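1. starting from these lines, generate the structure:
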Amino acid sequence: MNITYTQQGDYLLPNLTLPEQDKRLIGLWGQQHLRYIKRSRPFLYTNLLTKCRLNEYLADIDEQAQKMYDELVQAFAKEESCTEQLKATDQMLWVRKMNNAAQRARELVNAEIIYR
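-> As a prediction, the model looks like this:
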């Protein structure tokens, strides 16, 4: 491996480049996990950052959390009997039940994925 240098005044500085990084977008769950590891797990954060793997890690966490959230909302909605028929007959009750299912799913995803 040859290292090239650029002269800046009296100094020779190495020409360093970072490897290609994952370009996936980081969603809500990934952003929450990022805040958590910055605050509570600084060594993990620093290691991922210096190895250029932070974005890939956060995108994976985000995908796992979103998949888990979607599955839980569907399961809780089914448990609460949130059907299309209920939506057609009593929209306010359907909305309350769906909001309840979404909140329960959010709490579980936060506990299981975001703050691990």
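2. okay, CA-based contacts and neighbour counts for the rest of this
-> Fine.
3. can you tell me how far the residue most central in space within the chain is from residue 109?
-> By Cα atoms, centre = their mean, the chain has its centre lying nearest to residue 30, at 1.8 Å. Relative to residue 109, residue 30 is positioned 12 Å away (Cα to Cα, to the nearest Å).
4. same check, this time on residue 68
-> Counting by Cα to Cα - residue 68 and residue 109 are separated by 7 Å.
5. more neighbours: these two, which one.
-> residue 109 (20 against 17; other Cα atoms under 10 Å).
6. mind exporting the helix or strand in which the more buried one is found as CSV, just the C-alpha atoms?
-> Using DSSP states H and E, residue 109 falls within helix 91-109. Taking Å, rounded to 0.1, in the frame of the first residue of the first chain, the C-alpha atoms of helix 91-109 are listed here in CSV:
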residue,chain,number,x,y,z
GLN,A,91,-64.7,5.6,12.9
MET,A,92,-63.8,7.3,16.3
LEU,A,93,-63.7,3.9,18.1
TRP,A,94,-61.5,2.5,15.3
VAL,A,95,-59.1,5.5,15.5
ARG,A,96,-58.9,5.1,19.3
LYS,A,97,-58.2,1.4,19.0
MET,A,98,-55.6,1.9,16.3
ASN,A,99,-53.9,4.7,18.3
ASN,A,100,-53.8,2.4,21.3
ALA,A,101,-52.2,-0.4,19.1
ALA,A,102,-49.7,2.0,17.7
GLN,A,103,-48.7,3.3,21.1
ARG,A,104,-48.3,-0.2,22.5
ALA,A,105,-46.1,-1.1,19.5
ARG,A,106,-44.0,2.0,19.9
GLU,A,107,-43.3,1.2,23.5
LEU,A,108,-42.2,-2.3,22.8
VAL,A,109,-40.0,-1.3,19.9
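7. tell me which residues of that helix are tucked away?
-> Within helix 91-109, the residues scored as buried using 16 or more other Cα atoms under 10 Å are 94, 97-98, 100-102, 105-106, 108-109.
8. and residue 16, how many neighbours does it have?
-> Number of residues near residue 16 (other Cα under 10 Å) recorded here: 9.
9. show the pLDDT at it.
-> On pLDDT, residue 16 comes in at 84.
10. show me the strands in the protein, by range?
-> Applying DSSP state E to the chain gives strands spanning 5-8, 11-14.
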